[in-house]
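[1] One predicted model, sequence on top.
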Amino acid sequence: MAETSHLTHVRSDGSAHMVDVSAKEVTSRTARAQAVVTTTEEVVSLLGQDGLPKGDALATARIAGIMAAKKTPELVPLCHPLPVAKVTVDFQLQVPDAASVLITTEVKTTSRTGVEIEALTAASVAALTLYDMIKAVDKSAVISDQKVLAKSGGASGEWSRDD
């Protein structure tokens with residue numbers, strides 16, 4: 001059997017388990033993530049004017065992202081339930097290079113483990129909600145570029161994406 005001991009959620013026998021974080025120090029932790037919804041200039045314009053048939057898409061996607069961050073351990077099986085202290089979901093409407101919406105999220109906690117998955121979940125669900133809200137106008141919209149942008153706190157300290 002291949003060596004898997006370096007993977008924190010996999011035991012030496014290959015079975016999955018939830019990592020024991022009880023010995024870790026409680027620290028303030030923050031993570032930022034993003035997702036991008038690429039669509040048409042018309043849709044970006046409608047988003048800016050609150051002109052979509054289904055209503056205020058950005059407000060709906062923001063609330064969905066916040067709710068998703070709080071529900072992350074119910075969606076990701078080995079994710080620890082955390083006391084989420086703050087969630088922000090922001091949108092940047094982008095034209096003309098590529099008509100898109102850049103979704104950025106930030107999640108904060110004071111806990112024994114980080115909130116990267118919560119930040120990614122918030123960005124992903126906000127993007128899915130935005131797609132649902134715009135699909136009547138643009139069925140070909142694409143969700144992409146989901147990634148962690150930065151994290152802080154815990155034993156590994158500060159980290160940010162260099163690209």
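    Noted; the coordinates are in hand. Values in this document were obtained by computation on a predicted structure and should not be read as measured data.
[2] I would like the residues contacting stretch 81-97, please.
    Stretch 81-97 has contacts (C-beta atoms under 8 Å, 6 or more residues apart in numbering) with 41, 44-45, 47-48, 58, 61-62, 65-66, 69-70, 72-73, 100-111, 113, 115, 118, 122-123, 126. No exception for glycine: its C-beta is placed from N, CA and C like everyone else's.
[3] 6 Å instead?
    Contacts of stretch 81-97 with the rest of the structure, by C-beta atoms under 6 Å, 6 or more residues apart in numbering, involve 41, 44, 47-48, 58, 62, 65-66, 69-70, 73, 100-109, 111, 122, 126.
[4] name the helices or strands packed onto the element among helices and strands of the chain having the smallest mean pLDDT?
    Across the helices and strands of the chain, the lowest-confidence element by mean pLDDT, DSSP states H and E is helix 41-48, at a mean of 92. When contacts are defined as 3 or more C-beta pairs under 6 Å, 6 or more residues apart in numbering; DSSP states H and E, helix 41-48 packs onto strand 84-94.
[5] which residues of the protein score low on pLDDT?
    Residues of the chain that meet the criterion pLDDT under 70 lie in 1-7, 163.
[6] Tell me which helix or strand the spatially most central residue of the chain sits in.
    Centroid-nearest residue in the chain: residue 120, 2.1 Å away (criterion: C-alpha atoms, centre = their mean). Assessed by DSSP states H and E, residue 120 sits inside helix 116-134.
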